[in-house]
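Asks: have a look at this prediction, sequence included:
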Amino acid sequence: MAGYAAPGFDTLALHAGSAPDPVTGARAVPLHLSTSFVFESAEHAASLFNLERPGHVYSRLSNPTTAVLEERIAALEGGVGGLATASGQAGLMLAITTLASAGDHIVASSALYGGSHNLLHYTLPRLGIQTTFVRPGDHDAWRAAIRPETRLLFGETLGSPGLDVLDIPAVAQIGHDHGLPLLVDATLTTPWLQRPLDLGASLVLHSATKFLCGHGTVVGGLLVDGGNFDWDAAHARHGRAATLCEPCDGFHGMVFTEESSVGAFGLRARREGLRDFGACMSPHTAWLILQGIETLPLRMARHVENTQRIVEFLATQPMVGRIRHPSRPDHPDHALASRLLPKGCGAVFSFDLQGSRRQGQAFIEALELFSHLANVGDARSLVIHPASTTHFRMDDAALAAAGIGPGTVRLSVGLEDPADLIDDLQRALKVAQKAA
Amino acid sequence: MPMSLSTRSAMYAYTGGRPFDAALPCVVFIHGALNDHSVWTLAARWCAHHGHGVLAVDLPGHGRSAGPALPDVEAMADAVLALLAEHGVQQTALVGHSMGSLIALEAASRAAPGLVSHLVMVGTAYPMRVSPALLATAAQEPLAAIDQVVTFSHASMAAKPSYPGPGAWLHGASRALMRQVLARGTGVAGIEHNLFHHDFTACDRYAHGLAAAEQLRTAGNTRCSLIVGGRDRMTMPKQAATIAQALGAQVHTLPTAGHALMQEDPDGLLAALRLSLR
């Protein structure tokens, strides 16, 4: 490294984990589309399997291209290591199964992305893992929900679709008081807007499909081990973290906290979770996500700027009811957002369209620059109706608890000229008005 | 199957994934300032699975070992020798990194004749002076000092393959480890200011190196090697020349590695270590 100061965010976004290829001189990250990697000898092979030497064996466990992405996201988040997974959902499953077994318990925010809610509420109980949902801002509820068998606290930096801001320092402290790590899904903020580990979280999850990738071409997940949680202390004082602090039968009695004092979570998640469950990321996907991350700082600045202009425009429109964006003074978490998200509150938000269901449909169908689809964080602007799509499995009570009404519309603001986006919205609002 | 040792001195030692067997040729790994045994796990596992008995220690007051932290390099060397005596080790190689290299040197000079067959000093310099500015920062703002040391200890943002495996971010892991060791050491009796300041002061004050080297060279029972990082900015290669000459040591240079050379070039380190242990 050239200088004496620690590299900054923008530098890490371009360089962390990668250097010119020593064999070919390739400057861009090479794409290694190879399932497997040749051993130098029988002894080398055995050493790799037995964690005596570092290196790649098989792309389900690790791959040189994927490793660059993993190191880069760990660097950007301020963690000790990353794991790339087939999707954000796979990353969540990997995080949970690394820490929890049948009979264990999770405390999670009630304002979660619909897919995460579904996994925790319906699917994991079939495997013996229960979840108690609490309102993200109700700290007493977080505390009260913790049981002896609780293994993890889980929330999102910005909840869906009401954009509840998770008070990470407060919830992390509750976790520390009880020997519990806080896993934060930071998909909507990216490390450019907020680094949860700096605020006390222990693990960070991303659906890299969204802003990290940015071009809307691939699905992938990234999980970051913060290396800042004392698993041994949690085990000694509270009886938690047994998967990391007690001998692992599936790995010759290895105790992961002995092997890596600060990277035990990532070590077990890779050596057991990726090995056994197999939800790894394709190297090609990793390569494409890396292309996105290289421009993340520039893109996020533009996303936030465009969003601010659109929020201000919508606030002037008679057909638009409540706008749920923490930059608005009437948002319940406005003060918290000012403290924890000083660079902005992201580019995904929702608002209530006043009028009939038919008018709502007319509005969405009239949009041309905003694409009607089930994703967020694309360079292109996107729109969706949560009650009939992303959150359709929730009953009315759960929808209301999550702040979703029949006229709620979610926007993901892209990188187009903001004047064009406003023009598109203005025209669609007129169409909706005429549909009354 | 126990993978670590319980000792009377409450000193933890990782044994490389196999039960410790004092009858095998022993290798003792000693970590540097504000580190613990986990900086050695790959090499320790390799040695333990290739015919050695392995003890990768946590020095008193560090990692999993109880306090108090010991006041100087000499006392830390005595603690390592006491651990060897407790477990009946008759002959051993001592491998130390940075502060641990000074401890290994001092322990070798204090050991009974014939006990230390090999001395391997990794990422070393003598004298191991620490700048007054860094000592002051370590005393007053240890977290800021950790960030400085992490930056100085790594030669690149992309050492491959990563330690202990792919996906690890070396700068972050080094920072987290130092923070953890500092946090666990807080409040341990016998530490002046904090463990970071304590360890760096011990390095700075150690003055018996040349005498220890002369003693080893004269006795002629210990094969000595240095493994240095070609891009080390903490203990620069030229600062290792004096002690290398005094020991008559063979010097192995890992050209792309900085000070964290076990992490930055684990395969190079292992290759040099295997040569050193012959």
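Replies: Sure, I can see it. If you're wondering where the values come from, they're calculated on a predicted model, not measured in any experiment. Numbering: from 1, shown residues only, chains lettered A, B, ... in the order given.
Asks: residues from the stretch 201-350 of chain A in reach of chain B?
Replies: A:226-228, A:230, A:232, A:247, A:252-255, A:258-263, A:266-267, A:270 (Cβ under 8 Å from any Cβ of the partner chain). The C-beta positions use only the backbone N, C-alpha and C, and glycine is treated the same way.
Asks: buried only: go through the residues you listed for me.
Replies: The neighbour count (16 or more other Cβ atoms under 10 Å in any protein chain shown) marks A:226-228, A:230, A:232, A:254-255, A:258-263, A:266-267, A:270 as buried among those.
Asks: closest to A:L203 out of these?
Replies: A:G226 (6.1 Å; Cβ to Cβ).
Asks: just give the closest residue to that closest one, not the sequence neighbours.
Replies: A:L197 (4.2 Å; Cβ to Cβ, 6 or more residues apart in numbering or on different chains).
Asks: so the one you found sits against A:L205, correct?
Replies: No: between A:L197 and A:L205 there is no contact under Cβ atoms under 8 Å: 11.9 Å.
Asks: can you list residues touching both of these two?
Replies: Taking Cβ atoms under 8 Å, 6 or more residues apart in numbering or on different chains as the criterion, A:L197 and A:L205 both touch A:V224.
Asks: now do the strands in chain B.
Replies: B:4-5, B:13-14, B:26-30, B:53-57, B:92-97, B:116-122, B:223-229, B:250-254 (DSSP state E).
Asks: possible to save those strands as TSV with mean neighbour count?
Replies: Output for those, formatted as TSV (neighbours: other Cβ atoms under 10 Å in any protein chain shown):
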stretch	mean neighbour count
strand B:4-5	18
strand B:13-14	26
strand B:26-30	27
strand B:53-57	27
strand B:92-97	28
strand B:116-122	27
strand B:223-229	26
strand B:250-254	18
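Asks: need these in JSON lines with mean pLDDT, can you?
Replies: Shown next, in JSON lines, are the strands of chain B (pLDDT from 0 to 100):
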{"stretch": "strand B:4-5", "mean pLDDT": "66"}
{"stretch": "strand B:13-14", "mean pLDDT": "96"}
{"stretch": "strand B:26-30", "mean pLDDT": "98"}
{"stretch": "strand B:53-57", "mean pLDDT": "98"}
{"stretch": "strand B:92-97", "mean pLDDT": "98"}
{"stretch": "strand B:116-122", "mean pLDDT": "98"}
{"stretch": "strand B:223-229", "mean pLDDT": "98"}
{"stretch": "strand B:250-254", "mean pLDDT": "98"}
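Asks: same list (those) but as a markdown table, adding distance to A:W192.
Replies: Converted to a markdown table, the strands of chain B look like this (distance: least, Cβ to Cβ, whole Å):
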| stretch | distance to A:W192 |
| --- | --- |
| strand B:4-5 | 41 |
| strand B:13-14 | 38 |
| strand B:26-30 | 40 |
| strand B:53-57 | 39 |
| strand B:92-97 | 36 |
| strand B:116-122 | 38 |
| strand B:223-229 | 33 |
| strand B:250-254 | 35 |
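Asks: distance to chain A for the ones you listed - can I get that in CSV?
Replies: Supplementary listing: these in CSV, determined by distance: least, Cβ to the nearest Cβ, whole Å:
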stretch, distance to chain A
strand B:4-5, 6
strand B:13-14, 6
strand B:26-30, 13
strand B:53-57, 10
strand B:92-97, 15
strand B:116-122, 17
strand B:223-229, 13
strand B:250-254, 14
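Asks: so which bits of stretch A:237-246 are buried?
Replies: With burial defined by 16+ other Cβ under 10 Å, the residues of stretch A:237-246 counted as buried are A:240-241, A:243-245.
Asks: can you pull the pLDDT of A:R302?
Replies: A:R302 is assigned 98 on the pLDDT scale.
Asks: give me phi/psi at A:Q130?
Replies: phi -100, psi 150 (degrees, to the nearest 10).
Asks: skipping adjacent residues, who's closest to it in space?
Replies: Nearest non-adjacent residue to A:Q130 (Cβ to Cβ, 6+ apart): A:H105, at 5.1 Å.
Asks: so that neighbour versus A:I129, what's the distance?
Replies: Using Cβ to Cβ, to the nearest Å, A:H105 is found at 7 Å from A:I129.
Asks: picking up where we left off before, which among the buried ones among the residues of the stretch 201-350 of chain A next to chain B gets closest to A:H303?
Replies: A:G226 (25.2 Å).
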